[in-house]
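> Fold the stuff below for me.
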Amino acid sequence: MTVSEALKTRKSTRAFLPQEVSQTLIEAILNDAKHAPSGVNMQPWRVCVVSGDKKRTLETKVIEAFERGAKEVMDYAYYPSSWEEPYKSRRKETGLLMYATLGISKEDKQKQIEQWKLNYRAFDAPVVFYFFIDSRLEKGSYLDYGMFLQSIMLSATEKGLASCPQAALAEFPSIVKHELGITETMLLLGGMALGYEDTSALINSYRTPRISLEEFVTFHS
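Down below sits the predicted model:
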């Protein structure tokens, strides 16, 4: 598989098979990804690989908090506080496309909530990565981290695995840090589901559109 093929094949997978992923394969993916570039080679990534009983315990506690209406402040603002165009329309289109794929109407709030809760279970993937960064670092390290995350996903794609990067897994940082023994000096950036795609699941036919080059590129010579 070429890099171009991996880029175009990778997608956010939201239904996984119960098939386990070997630690050898997980380590191979992370060994690939660690070669991502970072400013002055800071390598700002800290990863917790969670599976089995620990995954079930952690997701149960997060879902219980969500269901009782508990709120936490994320360690950083992932989304803007006010949505402006063109981002507002793109966000809306993405949500509508997903619910249309699943046959969930705009009025069916309960089904929307149940679909959202699947985020906290990492869509039942057998493995979930939680990503942390030192709170003393600045925006440049967040750029570095993005390249690291993409490297994980491309390596996973090459090896026949599916993934889904998830900001939702950063919504309850105190629960996650407590369960994983992470200090408050670290910020929880998010998570990533990892496993083998359930190709029979309707949700995995969902695709988000991409804008054309003309909409975001200008050439100067």
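> Please name the nearest non-neighbouring residue to the one residue sitting closest to the centre of the chain.
Residue closest to the average C-alpha location in the chain (CA atoms, centre = their mean): P165, at 1.6 Å. Setting aside the residues directly before and after it, P165 is nearest to M192 in space (CB to CB, 6 or more residues apart in numbering), at 5.0 Å. Bear in mind the C-beta positions are built from the backbone N, C-alpha and C, glycine included.
> List the contacts of that neighbour.
Applying CB atoms under 8 Å, 6 or more residues apart in numbering to M192 gives the contacts 128-129, 131, 149, 152-153, 163-166, 169.
> just F123 next, same as before
Neighbours of F123 in contact, by CB under 8 Å, 6+ apart: 13-16, 164, 193.
> Likewise for Y78?
167, 170, 190.
> Now that E59 has come up, it's in contact with D124, right?
No - E59 is beyond contact range of D124, at 9.3 Å (criterion: CB atoms under 8 Å).
> Which one of those two is surrounded by more residues?
E59 (21 against 16; other CB atoms under 10 Å).
> Quick check: which element contains that one?
helix 52-67 (DSSP states H and E).
> any idea how far D32 is from A125?
Using CB to CB, to the nearest Å, one gets 19 Å for the distance from D32 to A125.
> okay, these two: which has more neighbours?
Counting neighbours by other CB under 10 Å for D32 and for A125 shows that A125 has the greater number, 30 against 16.
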